[in-house]
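[1] Pasting a predicted model and its sequence here:
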Amino acid sequence: MKRIRVLVATQPRLIRELIMATIADQPDIELVGEVGKPADLADAVAQSRPDVLIVAMDEHKNPVQCGFFLGRYPEMRILALAPEQNRALLYWAIVDIRTKPLESSEAGILGAMRQAAPVVGLARV
């Protein structure tokens, strides 16, 4: 049985400890780490490669660096908690692979590359 690997990085410390105590009793869930400082989060995720990252939800309902982490680790899930609001959200990424027939010519190939290039100045969501 594969255990679900969880990294807990939510604030405040009391909430983090309560989450870790809950996880400790679950036979199918493994706590792979705890992050107390937001500055340590990226390194902790890179080192532990959790299946689930538990973070605090900010006032805009987005977890800290959600797009950054899901862009790098699309297989990971992010559970964002806002205990003071009694809210929780689960984030995940869906990789959508598409195909399109091209004209087999220099113009067709160059046109496809130009269409595929990211638009400068637009942020990815």
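    Looks like it arrived, so ask away.
[2] check which helix or strand covers the residue nearest to the spatial centre of the chain.
    The chain has L70 as the residue nearest its centroid, 3.7 Å off, counting by CA atoms, centre = their mean. Secondary structure assignment for L70, by DSSP states H and E: helix 66-72.
[3] other SSEs contacting that helix?
    strand 77-82 (3 or more CB pairs under 8 Å, 6 or more residues apart in numbering; DSSP states H and E). All C-beta spots, glycine's among them, are computed from the backbone N, C-alpha and C.
[4] at 10 Å instead, please
    helix 41-48, strand 52-56, strand 77-82, strand 87-91 (3 or more CB pairs under 10 Å, 6 or more residues apart in numbering; DSSP states H and E).
[5] Return the distance of stretch 41-58 from the chain's centre.
    The chain centroid and the centroid of stretch 41-58 are separated by 7 Å under CA atoms, centre = their mean, to the nearest Å.
[6] State the mean pLDDT of that stretch.
    For stretch 41-58, mean pLDDT rounds to 92.
[7] List the buried residues in that stretch.
    The neighbour-count check on stretch 41-58 (16 or more other CB atoms under 10 Å) flags 41, 44-45, 48, 50-57 as buried.
[8] so where is this structure shaky, pLDDT-wise?
    Along the chain, segments meeting pLDDT under 70 span 58-64, 117-125.
[9] Excluding residues flanking it in the chain, which one is nearest the residue nearest to the centre of the chain?
    A93 (4.1 Å; CB to CB, 6 or more residues apart in numbering).
[10] So what's the residue count around I94?
    When neighbours are defined as other CB atoms under 10 Å, I94 has 6 of them.
[11] what about it, is that helix, strand or coil?
    coil (DSSP: H, G, I helix; E, B strand; the rest coil).
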